[in-house]
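*Asks:* Here is a sequence together with a model predicted from it:
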Amino acid sequence: MEEYLIKNKVSRTKFATQSKLSRTTVLRHFKKFNIKGYVIPKKTYRDYICSQCGEHFNRYVPPIQVKVKEKVTYCSPVCYHDSLRKANDGSLFRLDLDSYKFTEPAKRLGDYSELVLSKRHLHTIGSKKINHTFFNKGIINELTAYIFGIWLTDGHVGYFRNGKKLDEIKVEYNSRGQKIIGSYIASLQLSDIDIVEKIAKVLENKNKLTESYGTYKGVKTKKTKILFINSPYFNHDLASLGCGIKKTYYANYPLIHDQLDRHFLRGILDGDGSVQISKEGRLSIKFCGNDQLMYGIFLKLKQHLSITPVAVSYPSEEGMLTFCEIRYGLQESLAIREWLYKDAIIFGERKYKKAFEYKTPLRFQNWSTQKLADHLGTSIYFIQENVYKENLPHTMVGTVVSFQPEHIPYWEKFLGEQLKNPRSRFKHKTKLQEKWGAAPISKL
């Protein structure tokens, strides 16, 4: 009996529950027959390796969390803050930052004179079932920036011959000396059907969109729509902008005008980005892809919004070692959300709704006593005194006093009246009168 309890880690309380007996009865019989049940260890220690300095250390883990695995651990607050500093300055990226450059459009952009084309290709171009020269002038507006962002991350660019995908474009000849030319294919397959339909409309697509189902580990997943483009010109311009065959391994941030950055990044987000709301209700935006592209995103968001990611990681230890993820915290994600979608004319509905599903909790919308005092330029005591003395507008949650945005004008008006009173006393009263335009009332 005792051996069974210890081997299966059955405590006396658990045995009582399984036997449908009271704990007192079980304890009495165990004592009578001298049976020692399994005792839950009071302290459990787990060995860790610091993710920052590599030092080995152990940490107490409560019994309830013994089975929980921690991915990132730090031996001290110093190492934790060092990791954040590295994420902030970009040193966590595994590439030569000093030699980094944005990808410039190739000189051959829009020049199709050197393309090897067959009669079939010329017929396809002449049919005008798609805007073949959509990118012939580069990334010049919101539509070209957004669509290029989508294609760079989640699109496909390839060259096929006899049904086989080739890694590079080659001209071969048959036994009669005739050129064998394959097909230039660009495709976009997404489960966000609205994005595919919008892009097809912008590209003036007249072909029927193909419906399919994605698969993951052999299991059928969501319904998808596919936009196929058989166009040598379209493929040529995409490759000239840095989105060619095997783009995943060399994808980089393009050299574009600063005004187009948010549209390009919105395309990146709808392609390989993610919008998440944690169990605690906190919004987080994440981008993933080639580390060159991620570093470009890092620089642009730092330039436009003065924000940096809370985490930079390389999750793959095998295969594509340059695959990188950058994640932004709550406040940074809110800033990204407002900037990306402001006055946007093209975007994916699903991630847009997910991003704006997060509502700032009331406790964060309201002003604290300190924030109101800083805004008015007074002391906290002035606020606390007049909350009760003058019963000015405020909100009480338990014993905590806060102020809603609509309460602020009443406090500004009250302060202005107090500043006009010659008997009132304020530190830096003259400066406050200048700030709030309250001229003192002269003594009669």
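*Replies:* Nice, I can see it.

*Asks:* got any ranges where the stretch 201-350 of the chain has weak pLDDT?
*Replies:* Within the stretch 201-350 of the chain, the stretches with pLDDT under 70 are 214.

*Asks:* Please enumerate the helices of it.
*Replies:* Counting by DSSP state H, counting those that start in this stretch, one finds helices in the stretch 201-350 of the chain at the ranges 232-240, 261-272, 291-305, 330-341, 349-357.

*Asks:* which residues touch the second one?
*Replies:* Yep, that's helix 261-272 we're talking about. 139, 142, 145-155, 192, 195, 254, 256, 275, 285, 287-289, 293, 297, 300-301, 304, 339-342, 344, 347-348, 351 (Cβ atoms under 8 Å, 6 or more residues apart in numbering). All C-beta atoms are positioned from the backbone trio N, CA, C, and that covers glycine.

*Asks:* Kindly give a single PyMOL line that selects the buried subset of these.
*Replies:* Per 16 or more other Cβ atoms under 10 Å, the buried members of the contacts of helix 261-272 correspond to this PyMOL selection:
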select buried, resi 139+142+145+146+147+148+149+150+151+152+153+154+155+192+195+254+256+275+285+287+288+289+293+297+300+301+339+340+341+347+348+351
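
*Asks:* For stretch 21-31, buried residues please.
*Replies:* For stretch 21-31, by 16+ other Cβ under 10 Å, it's Val26, Phe30.

*Asks:* Let's see it as CSV, backbone CA atoms only.
*Replies:* Output in CSV follows, covering the C-alpha atoms of stretch 21-31 (Å, rounded to 0.1, in the frame of the first residue of the first chain):
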residue,chain,number,x,y,z
LEU,A,21,-13.7,9.2,2.5
SER,A,22,-13.1,12.1,4.8
ARG,A,23,-9.5,13.2,5.3
THR,A,24,-9.9,12.6,9.1
THR,A,25,-10.8,8.9,8.5
VAL,A,26,-7.9,8.4,6.2
LEU,A,27,-5.4,10.0,8.6
ARG,A,28,-6.7,7.9,11.5
HIS,A,29,-6.4,4.6,9.6
PHE,A,30,-3.0,5.5,8.2
LYS,A,31,-1.8,6.2,11.7
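
*Asks:* Contacts for that stretch, please.
*Replies:* Arg12, Thr13, Phe15, Ala16, Ser19, Ile35, Lys36, Gly37.

*Asks:* let's see it at 7 Å
*Replies:* Arg12, Thr13, Phe15, Ala16, Gly37 (Cβ atoms under 7 Å, 6 or more residues apart in numbering).

*Asks:* Of those, which qualify as buried by neighbour count?
*Replies:* Buried among these (16+ other Cβ under 10 Å): Arg12, Phe15, Ala16, Gly37.
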